[in-house]
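Novice: Could you work out the structure for the sequence below:
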Amino acid sequence: MLADSRALSPWAVGIPFGAGQLLMAGILFLPRRRATMKAKNPSTAERSSEGRFAYEGLDRVIHERARLSVLTSLLTNPKGLTFGDLKQLCALTDGNLSGHLSVLENAQMVEIAKGHDRNRPQTVCRITPGGRKRYLE
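Specialist: Here you go, the predicted model:
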């Protein structure tokens with residue numbers, strides 16, 4: 001027996017391999033899937049009436065994870081937040097935050113004011129009174 005356990009394989013030491021390693025080593029064989037008939041998909045009208053959420057009281061404009069985070073951040077800062085601060089608070093990318101803000105702006109929940117601060121463009125986002133009321137409902 002070897003004194004140095006590093007010279008032994010992980011299998012001999014008792015460390016199990018991952019499924020991917022076993023599959024590549026030829027030790028693990030996965031059965032092939034049987035060809036099955038696809039289940040009939042509901043029509044588009046049926047899917048849209050069901051909604052994405054189990055609870056019908058949820059509003060998709062508000063209750064998406066990122067938009068809920070944006071609204072919560074804006075609600076706690078009534079004077080508004082700059083785009084950079086909001087991006088950092090919500091841990092979103094520029095494009096992702098911009099997309100969510102445009103959805104919220106189209107729903108008239110957020111107002112976006114573009115201006116300049118020391119010759120640099122600055123975007124300030126604020127929650128509207130209607131957005132505050134809709135969020136708190």
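Novice: and A39, what pLDDT?
Specialist: pLDDT recorded at A39 is 53.
Novice: same check, this time on the one 3 residues further on
Specialist: pLDDT for P42: 53.
Novice: just the strands in the chain please.
Specialist: With DSSP state E, the ranges of strands along the chain come out as 81-82, 110-117, 120-127.
Novice: closest to G95 out of those strands?
Specialist: Nearest to G95, of all the strands of the chain, is strand 120-127, at 13.8 Å by C-beta to C-beta. C-beta coordinates here come from the backbone N, C-alpha and C atoms, glycine included.
Novice: so what secondary structure elements neighbour that closest one?
Specialist: helix 65-76, strand 81-82, helix 83-90, strand 110-117 (3 or more C-beta pairs under 8 Å, 6 or more residues apart in numbering; DSSP states H and E).
Novice: Partner strands of the shortest one and their direction?
Specialist: The reference is to strand 81-82. For strand 81-82, sheet partners with direction are given as strand 120-127 (antiparallel), following DSSP bridges.
Novice: what inclination does the partner strand have with respect to helix 65-76?
Specialist: Interaxial angle, strand 120-127 versus helix 65-76 (axes from the mean of the first three to the mean of the last three C-alpha atoms, to 10 degrees): 90 degrees.
Novice: buried stuff in strand 120-127?
Specialist: Neighbour counts over strand 120-127 (16 or more other C-beta atoms under 10 Å) mark T123, V124, C125, R126, I127 as buried.
Novice: V70: neighbour count?
Specialist: 27 (other C-beta atoms under 10 Å).
Novice: Now for it: which residues touch it?
Specialist: For V70, the contact set (C-beta atoms under 8 Å, 6 or more residues apart in numbering) comprises L86, C90, L92, L97, H100, L101, L104, V110, C125.
Novice: how near is the last one to K133?
Specialist: Taken as C-beta to C-beta, to the nearest Å, the spacing of C125 relative to K133 amounts to 18 Å.
Novice: Equivalent analysis for the fourth one, please.
Specialist: Counting by C-beta to C-beta, the gap between L97 and K133 amounts to 23 Å.
Novice: May I see the strands of the chain organised as CSV, with mean pLDDT and distance to I62 added?
Specialist: Putting those into CSV (pLDDT from 0 to 100; distance: least, C-beta to C-beta, whole Å) gives the following:
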stretch, mean pLDDT, distance to I62
strand 81-82, 95, 18
strand 110-117, 94, 11
strand 120-127, 95, 11
